[in-house]
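I'd like to go over a predicted model; first the sequence, then the structure.
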There are 2 protein chains.
Amino acid sequence: MTWLDIPADDPFGVHNLPYGAFDPGDGSSRLGVRIGDRVLDLAGLERAGLIEARGALQAATLNPFLALGRPHWSAVRDRLTELLTDDAYRRRVERLLLPLADVASRLPFEVGDYVDFYSSEEHATNLGRLFRPGSEPLLPNWKHLPIGYHGRSGTVVVSGTDIVRPGGQRKPADAPVPVSGPSQRLDIEAEVGFVVGAASSLGTPLTTKDFYEYVFGVVLVNDWSARDLQAWEYQPLGPFLGKSFATSVSAWVVPLDALAAARTPAPEQSPPVLPYLADERIGYDIRIEVVWNGTVVSRPPFSGLYWTPAQQLAHMTANGASVRPGDLYASGTVSGARRDEVGSFIELSWGGAEPVTLADGRIRTFLEDGDTVTLTATAPGPDGSVIGLGEVVGRILPTAS
Amino acid sequence: MTWLDIPADDPFGVHNLPYGAFDPGDGSSRLGVRIGDRVLDLAGLERAGLIEARGALQAATLNPFLALGRPHWSAVRDRLTELLTDDAYRRRVERLLLPLADVASRLPFEVGDYVDFYSSEEHATNLGRLFRPGSEPLLPNWKHLPIGYHGRSGTVVVSGTDIVRPGGQRKPADAPVPVSGPSQRLDIEAEVGFVVGAASSLGTPLTTKDFYEYVFGVVLVNDWSARDLQAWEYQPLGPFLGKSFATSVSAWVVPLDALAAARTPAPEQSPPVLPYLADERIGYDIRIEVVWNGTVVSRPPFSGLYWTPAQQLAHMTANGASVRPGDLYASGTVSGARRDEVGSFIELSWGGAEPVTLADGRIRTFLEDGDTVTLTATAPGPDGSVIGLGEVVGRILPTAS
């Protein structure tokens, strides 16, 4: 039990303790841990000698801390729990707590490589139907490997960053040649992202069993997508400008340790996978909400994903590719079987053919300028508690002219 | 005329002055400039007060120097030329020259985002024939935009790094299901890479006219490719593990300023491109040689590429995506019209159907363990001089078991 005055059902209680970076108001970036509606200043904590992480907590991003590896992550988490629950530390720790409302979020880690998977069978099936009507929606490789591709890491932004509508090239179905201009089919993708902590060696694959040692934690991801740009450009080398303008992540990285109680059996796989992809079928019961201008339009269930994050890690390194602290790999759009469980608006409006009406009466297919999308998520914590994954929010600004 | 004893036709004469990073023998990484068969210690030069770059030359990589921007790049280059040509500086500069043979190359810059284009019409046509036999080899979008995708920046390695044969999943044509194991069709891609110096703003596209202000210089790139992995995985999201195991770059970044005399008209484009892709049609007369176990097997001509690096930069940012110091974008495989001008072995051996015989009598289709590939290139310099782009060399090691 913490000495802080926090309700038992607070999604940022002492069982969560997610890490982030914040600007205290002087333009700098400092590391902190969120507890309730406050931020604990980790740099101050380390300088005061209350916690020890080889100076990594003095950095502007989490990367040096991530590089320390699992034993240090566990030690720091254990110590934070002690500091926040033992009344003996209250006086010294309390003065390092800042109101969340007084600070601005910064990108919590410098992104190394960003990989985006495509691991929801429902989403891949829906997109196959929409992008390749008349042919088999799932391609022959889909159930044999977790399809993925590299995204642009330099345009990963923290929740709250405005999103400028991308311009680019698209080809209207009835036009003989492409046109350029602002995207007409701007969309979201609700995803869960995994933040790599420890580095691996080039030439040596990781296995599904390495997941817990190498992955530090989880963020929410909105992989903004311009469907019209994507549809015209994506053959044969995959999505490029349709995705690379922005990817938003939540401000607080929830440690894997906070999600131990959220582990849940992942779907059985058929046909059987190759040995390097065999795993313990552990998913996470993360429940996402997609909020469009204030209306909850969908509740995608992460637990149903066909490919697990452990399989994604093993596949991503099966060719000997190395990982490094700050690498981010996202699940792919999380969609459930029902229309009110899909993780993108192209699915929600079925390619624009079935508009949705928001609570304020406004009718939508894709995003309009001024729209705001908020993804939030929670997962079960220990002893009936709730673990909050925070939110990832973005507002659409018009294309720069 | 330099006071160094360098032949007039040395490809690393005073008109070149490429930048790199080297380990002087103590495990550290220092910045240097190559001149002839020596390295000029830039950190020492700056500490001695002989050159000024805001301390950026003390770094382990070129990134801080790249971030300074075009005016500083020009000032440092001008000063280097002065130091190496005015005999008055000889005594003070000479003691900062190290034999190239005494140092080890390091990756010259930390790679931000790595983008690989697909801009040779001959290569795209050849690959279309090989990967999609019976259909139109060039897809409808190819002549309207420079097709590209993001590669893995964390596995970009410097020339001389051994390449471990990638394992992974592939589907033999006669097998009902995929198998996993070492790639059977390991290939190269000979490319020219462009190193971004200055950062741009998220949400604001660059234009083709911004090329010279934002791009610092050029490296040679070998984008190693596992064709069997790639063929099975690449639909619908593009190449992933078939490419991500390693990309080799040359150790010395040749400044754009050294290539002024190599500028040459790029091919005319038909149909006309959209306005944001209109450019001055400036290509570079860079002549590549592909050497396989000592035999020159191909001489790909970079000057024939359909899409110019200025167009690639404008397209890559057309959706508002930002660039940052250390971003690398590669041309795509450089192939000319003739079989002895192609930049990959899948083209050279026509998908393995037409083996090649090397000078030592060995017969090859794809790479075998122990094989070494060296790419070299030169371009015309001022006053009849030659600009060397150095080499990118890699030897194939067996898959780790």
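Thanks, I have the structure now. Numbering: from 1, shown residues only, chains lettered A, B, ... in the order given.

Pull the number of nearby residues for A:Asp340.
12 (other Cβ atoms under 10 Å in any protein chain shown). Using the backbone N, CA and C atoms, a C-beta is placed for each residue, glycine as well.

quick one: it from chain B, how far?
Distance, A:Asp340 to chain B, by Cβ to the nearest Cβ, to the nearest Å: 26 Å.

and that residue, what does it touch?
Residues near A:Asp340 by Cβ atoms under 8 Å, 6 or more residues apart in numbering or on different chains: A:297-299.

hmm, try it at 7 Å
For A:Asp340, the contact set (Cβ atoms under 7 Å, 6 or more residues apart in numbering or on different chains) comprises A:298-299.

And the nearest residue to A:Leu130 once chain neighbours are set aside, what's its pLDDT?
If the residues on either side of it in the chain are set aside, A:Leu130 comes closest to A:Gly351, at 4.7 Å by Cβ to Cβ, 6 or more residues apart in numbering or on different chains. A:Gly351 carries a pLDDT value of 96.

Just the element for the closest residue to A:Glu52 other than its chain neighbours, please.
Leaving aside its sequence neighbours, A:Glu52 sits nearest to A:Glu46 (Cβ to Cβ, 6+ apart; 6.9 Å). Using DSSP states H and E, A:Glu46 maps to helix A:42-47.

neighbouring contacts of that helix?
Helix A:42-47 is touched from outside by A:30-33, A:51-53, A:57-58, A:96, with contacts defined as Cβ under 7 Å, 6+ apart.

Let's see if you can find the most crowded of those.
Most surrounded of the contacts of helix A:42-47: other Cβ under 10 Å gives A:Gly32, at 30 neighbours.

so is A:Ser303 in a helix, a strand, or just coil?
Secondary structure, DSSP: H, G, I helix; E, B strand; the rest coil: A:Ser303 is helix.

again with A:Gly336
Under three-state DSSP, A:Gly336 comes out as coil.

ok, it touching A:Pro301?
Yes: when contacts are counted by Cβ atoms under 7 Å, A:Gly336 is listed as touching A:Pro301 (4.8 Å).

tally of neighbours for the residue nearest to A:Glu52?
Neighbour number of A:Glu46 under other Cβ under 10 Å is 19.

next one: A:Thr204
Using other Cβ under 10 Å, A:Thr204 has 12 other residues around it.

so what's it up against?
With contact set as Cβ under 7 Å, 6+ apart, A:Thr204 has these partners: A:320, B:400.

If we use 6 Å, what do you get?
A:Thr204 makes contacts with B:Ala400, as judged by Cβ atoms under 6 Å, 6 or more residues apart in numbering or on different chains.

What's the separation between it and B:Met316?
From A:Thr204 across to B:Met316, the span is 32 Å (Cβ to Cβ, to the nearest Å).

Leaving out sequence neighbours, find the closest residue to whatever residue of chain A ends up closest to chain B.
Per Cβ to the nearest Cβ, A:Gly238 is where chain A lies closest to chain B, at 2.2 Å. Closest residue in space to A:Gly238, ignoring its immediate chain neighbours: B:Gly238 at 2.2 Å, by Cβ to Cβ, 6+ apart.

so the one you found sits right up against A:Tyr149, yeah?
Yes: using Cβ atoms under 6 Å, B:Gly238 is in contact with A:Tyr149, at 5.1 Å.

which residues do the two both contact?
A:Gly238.

give me phi/psi at the spatially closest residue to A:Phe131 that is not a sequence neighbour?
Nearest residue to A:Phe131, sequence neighbours excluded (Cβ to Cβ, 6+ apart): A:Ala231, at 6.5 Å. For A:Ala231, the backbone dihedrals (degrees, to the nearest 10) come out as phi -60, psi -30.

show me where the stretch 51-200 of chain A has strands.
For the stretch 51-200 of chain A, the strands defined by DSSP state E, counting those that start in this stretch cover A:97-99, A:104-106, A:114-117, A:148-151, A:156-158, A:163-164, A:167-170, A:179-182, A:186-187, A:190-196.

now the ones you listed in a markdown table, with distance to A:Ala75?
A markdown table is the format used below for the strands of the stretch 51-200 of chain A (distance: least, Cβ to Cβ, whole Å):
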| stretch | distance to A:Ala75 |
| --- | --- |
| strand A:97-99 | 21 |
| strand A:104-106 | 25 |
| strand A:114-117 | 29 |
| strand A:148-151 | 33 |
| strand A:156-158 | 27 |
| strand A:163-164 | 38 |
| strand A:167-170 | 47 |
| strand A:179-182 | 50 |
| strand A:186-187 | 42 |
| strand A:190-196 | 18 |
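
now those strands in JSON lines, with mean neighbour count, distance to A:Ala21 and mean pLDDT?
Formatted as JSON lines, these follow (neighbours: other Cβ atoms under 10 Å in any protein chain shown; distance: least, Cβ to Cβ, whole Å; pLDDT from 0 to 100):
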{"stretch": "strand A:97-99", "mean neighbour count": "15", "distance to A:Ala21": "13", "mean pLDDT": "97"}
{"stretch": "strand A:104-106", "mean neighbour count": "18", "distance to A:Ala21": "4", "mean pLDDT": "97"}
{"stretch": "strand A:114-117", "mean neighbour count": "27", "distance to A:Ala21": "18", "mean pLDDT": "98"}
{"stretch": "strand A:148-151", "mean neighbour count": "27", "distance to A:Ala21": "21", "mean pLDDT": "98"}
{"stretch": "strand A:156-158", "mean neighbour count": "20", "distance to A:Ala21": "8", "mean pLDDT": "98"}
{"stretch": "strand A:163-164", "mean neighbour count": "23", "distance to A:Ala21": "20", "mean pLDDT": "98"}
{"stretch": "strand A:167-170", "mean neighbour count": "25", "distance to A:Ala21": "31", "mean pLDDT": "97"}
{"stretch": "strand A:179-182", "mean neighbour count": "15", "distance to A:Ala21": "32", "mean pLDDT": "97"}
{"stretch": "strand A:186-187", "mean neighbour count": "25", "distance to A:Ala21": "28", "mean pLDDT": "98"}
{"stretch": "strand A:190-196", "mean neighbour count": "27", "distance to A:Ala21": "13", "mean pLDDT": "98"}
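
A:Ala262 is in contact with A:Ile282, isn't it?
No: assessed by Cβ under 6 Å, A:Ala262 is found out of contact with A:Ile282, at 10.1 Å.

Look at these two and report which has more neighbours.
Per other Cβ under 10 Å, whichever of A:Ala262 and A:Ile282 has more neighbours is A:Ala262, with 24 against 15.

Just give the closest residue to that one, not the sequence neighbours.
The shortest distance from A:Ala262 to any non-neighbouring residue, by Cβ to Cβ, 6+ apart, is to A:Ala379 (3.8 Å).

what's the longest helix in chain A?
Longest among the helix segments of chain A by residue count, using DSSP state H, is helix A:70-85.

now the least confident helix or strand in chain A by mean pLDDT against strand A:190-196, angle please.
Here the helix or strand of chain A ranked lowest by mean pLDDT, DSSP states H and E is helix A:121-131, holding a mean of 94. Relative orientation of helix A:121-131 and strand A:190-196, computed by axes from the mean of the first three to the mean of the last three Cα atoms, to 10 degrees: 120 degrees.

what does helix A:121-131 rub up against?
With Cβ under 6 Å, 6+ apart as the criterion, helix A:121-131 contacts A:118, A:137-138, A:142, A:306, A:333, A:335, A:337, A:347, A:351.

Report how many residues lie close to A:Trp350.
A:Trp350 - counted by other Cβ under 10 Å - has 17 other residues nearby.

distance of it from A:Leu145?
From A:Trp350 over to A:Leu145 the distance is 28 Å, taken as Cβ to Cβ.

Over to A:Thr2?
Going from A:Thr2 to A:Leu145 by Cβ to Cβ gives 44 Å.

I'd like to know how many residues surround the closest residue in space to A:Ile282 that isn't next to it in sequence.
Leaving aside its chain neighbours, A:Ile282 sits nearest to A:Arg263 (5.2 Å; criterion: Cβ to Cβ, 6+ apart). Number of residues near A:Arg263 (other Cβ under 10 Å) recorded here: 16.
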